[in-house]
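*Asks:* can't give you the sequence, but here's the structure:
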């Protein structure tokens, strides 16, 4: 196995580690491979309820390797697009994973590392962590869906300042704006993200997966289309085992037990 990624099962949660602390966990082809295989394993394993993305050495991810980006300058335009598409494929895979994916951000998330965090369903960030879109300082533009995700989560003027000036935004500010799910003490992001994953593990697996699908659809659907999407999903859920468990427990004033073990 590559030394640039590591899979670690922590109860019902699969932690996918970026293991390149010497480069502040810059993205690499090996990490892409490890992330994709981890997401596939989590999707196929009923024992895994959630996935956590984390970086070794106290920093989440510094984004693309600038030496690698410099080499791509000599490629043709089409070949550069092909290389960037590999990053896009990672973001699509996170969105498509039927299990919730949580980013555990220590230190910072920069460039495509910020895109990686924003592609997740939730973000747990340590106090003092910085979120940075510094592409502009290298004469570049954001990729990996960063502008899309940030515009969904924050005011346009805030995103414009981040993208056009390359200035970092503190985790505390991201939390206040609602882009970060939980703010925790430094050094506690991974543990808190795994705890969040464990809480998700106690919920109904099928319903949570369908909620993720509905949230993805809601970002581009019209109101009428989303009413239809929710109608169909609700009708399906009502006929399922999880609804029977949940409704019976609620009516009997008990806590539902959706999963055994």
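*Replies:* Great, that's in hand. These numbers were taken from a predicted model, which means no experiment stands behind them.

*Asks:* how about the spatially closest residue to residue 59 that is not a sequence neighbour, what does it touch?
*Replies:* Leaving aside its sequence neighbours, residue 59 sits nearest to residue 107 (C-beta to C-beta, 6 or more residues apart in numbering; 3.6 Å). Every C-beta, even on glycine, is put in place using the N, C-alpha and C of the backbone. Residue 107 sits next to 24, 55, 58, 59, 60, 126, 129, 130 when contact means C-beta atoms under 8 Å, 6 or more residues apart in numbering.

*Asks:* same thing with residue 47?
*Replies:* residue 12.

*Asks:* Check the secondary structure at it for me.
*Replies:* Here residue 47 is coil, with the state taken from DSSP: H, G, I helix; E, B strand; the rest coil.

*Asks:* One more: the one 10 residues further on?
*Replies:* Taking three-state DSSP as the rule, one finds residue 57 in the helix state.

*Asks:* pretty sure it contacts residue 25?
*Replies:* Yes. With contact defined as C-beta atoms under 8 Å, residue 57 reaches residue 25; the gap is 7.1 Å.

*Asks:* how long is stretch 46-58 end to end?
*Replies:* Counting by C-alpha to C-alpha, to the nearest Å, you get 30 Å between the two ends of stretch 46-58.

*Asks:* Count the residues that sit near the closest residue to residue 138 other than its chain neighbours.
*Replies:* Leaving aside its chain neighbours, residue 138 sits nearest to residue 66 (7.0 Å; criterion: C-beta to C-beta, 6+ apart). Applying other C-beta atoms under 10 Å, we find 14 residues neighbouring residue 66.

*Asks:* Please determine how far residue 66 is located from residue 134.
*Replies:* 11 Å (C-beta to C-beta, to the nearest Å).

*Asks:* Equivalent analysis for residue 4, please.
*Replies:* 22 Å.

*Asks:* Give me the residues contacting the helix or strand bottoming out on mean pLDDT in the chain.
*Replies:* When the helices and strands of the chain are scored by mean pLDDT, DSSP states H and E, helix 66-72 comes last with a mean of 80. Applying C-beta under 8 Å, 6+ apart, the external contacts of helix 66-72 come out as 79, 80, 83, 138, 140.
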